[in-house]
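# just to be clear, the model below is a prediction. Sequence and coordinates:
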Amino acid sequence: MLEKNKKKMTQVYAFLAFIVIAMPIVANNYVMNTFSDVFFYVVVCLGLNIVVGYAGLLDLGYAAFFAVGAYTTAILTSNFGMNFWLTIPFAILFSAVSGVIIGGPTLRLRSDYLAIVTLGFGEIVRITARNLKITGGSGGIFGIERPSFFGIEMNGNIHYYYAFLVLAFLAIFISYRLQYSRLGRAWQYVREDEDAAEAMGINRVRVKLAAYVIGAVFGGVAGSFFAVKMTAISPETFMFTQSILILLGVVIGGMGKIPGVICGAFFLVLFPEIFRFIGDMRLLAFALIMLILMLKRPQGIWPERLG
């Protein structure tokens, strides 16, 4: 029975993958732009899921990580004329360093204290970007050059649809590999009981730090592609509300469960778009639906126990 269920799930995943790959054949620019946003949120939500879902560390400043990636790419391409693809390793490096910076001081903190520190870190990054000359100050950076891929300039919605789709597939693959790895199991032990995990010989300091660094890299890479897609970024893009929105995607979908987090990312983007015809009332409807979901299904849309 278990083998049969796995086969059915594989078929479902293959069918869904075929749909999203073939969608540009029938979809217009609006649909492709919307789904590229969905795939962007899939990447960042899976990145935060490593920190929150796998390791059990509450992070309220995750937008800071993809801000680091976005500003790294924007500065290197606009101010130094560097090729976009060459900026990605730098975005990974600086995002990882930012993960160490936030992870180091917070390794011994838990619950509310940890949340406050991460919230503060997110605001520090945003305010710093708002006041530095190299980041364009409060006006941000505009006119970011769009990249080329094998001589094809990425200037259409279809290009970023497939770019973020590939990123989403990579994020899903890496997340699955991490979840069932030795490190992934260590994260789960630390999430359930830090003291018991340490008694088993798990170095909780190193394990927590790894979660922050890997989660930050996910956000940094997504931020790099976000910058060139939008061709402009500003500090207001990376406000606290953005971090909360990403966290909502993880919590609503089902913390620690990859299909659940993907569902949460789809819900975040598609629900407001589907109900755009009711105007500003859609935000109220969005809030009410989230409230009902959290009351009726606190474990998320696709919780851990569904397998």
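Cool, the structure landed.

# which ones are touching residue 173?
Residues counted as contacts of residue 173 (CB atoms under 8 Å, 6 or more residues apart in numbering): none. (C-beta placed from N, C-alpha, C; glycine too.)

# I should have written residue 33 there, sorry.
Taking CB under 8 Å, 6+ apart, we find residue 33 in contact with 157, 160-161.

# surely residue 72 touches residue 87?
Yes - between residue 72 and residue 87 a contact is recorded at 6.3 Å, counting by CB atoms under 8 Å.

# overlap in contacts of the two?
With CB under 8 Å, 6+ apart as the test, residue 72 and residue 87 both reach residue 224.

# what's the distance between residue 188 and residue 197?
9 Å (CB to CB, to the nearest Å).

# compare the two (neighbour count), which wins?
residue 197 (20 against 17; other CB atoms under 10 Å).

# what packs against the helix or strand containing residue 121?
Element membership for residue 121, per DSSP states H and E: helix 111-131. With contacts taken as 3 or more CB pairs under 8 Å, 6 or more residues apart in numbering; DSSP states H and E, helix 111-131 sits against helix 63-78, helix 84-106, helix 240-253.

# any idea how far the nearest residue to residue 218 once chain neighbours are set aside is from residue 92?
Distances taken as CB to CB, 6 or more residues apart in numbering put residue 47 closest to residue 218, at 2.7 Å, once the chain neighbours are dropped. Separation of residue 47 from residue 92 (CB to CB): 12 Å.

# give me the common contacts of those two.
Joint contacts of residue 47 and residue 92 (CB under 8 Å, 6+ apart) are residue 217.

# looking at the two, which is more packed in?
With neighbours defined as other CB under 10 Å, residue 47 and residue 92 compare such that residue 47 has more, 30 against 18.

# the residue nearest to residue 218 in helix, strand or coil?
Look at residue 47: counting by DSSP: H, G, I helix; E, B strand; the rest coil, its state is helix.

# verify the stated contact: residue 120 with residue 59.
No - using CB under 8 Å, residue 120 makes no contact with residue 59, being 11.6 Å away.

# anything in contact with each of those two?
Joint contacts of residue 120 and residue 59 (CB under 8 Å, 6+ apart) do not exist.

# so between those two, which is more surrounded?
residue 59 (32 against 14).

# the more buried one should be in a strand, yeah?
No - counting by three-state DSSP, residue 59 falls outside a strand, being coil.

# state the distance from it to residue 215.
8 Å.

# kindly report the same for residue 49.
8 Å.

# more neighbours: the two, which one.
Shown here are residue 49 and residue 215; by other CB under 10 Å, residue 49 has more neighbours (33 against 28).

# the more buried one contacts residue 258, correct?
Yes - Residue 49 lies in contact with residue 258 (CB under 8 Å); the separation is 7.4 Å.

# identify each buried residue in the helix or strand hosting residue 171, please.
Per DSSP H and E: residue 171 is located in helix 157-179. The neighbour-count check on helix 157-179 (16 or more other CB atoms under 10 Å) flags 157-165, 167-169, 171-172, 174-175, 178-179 as buried.
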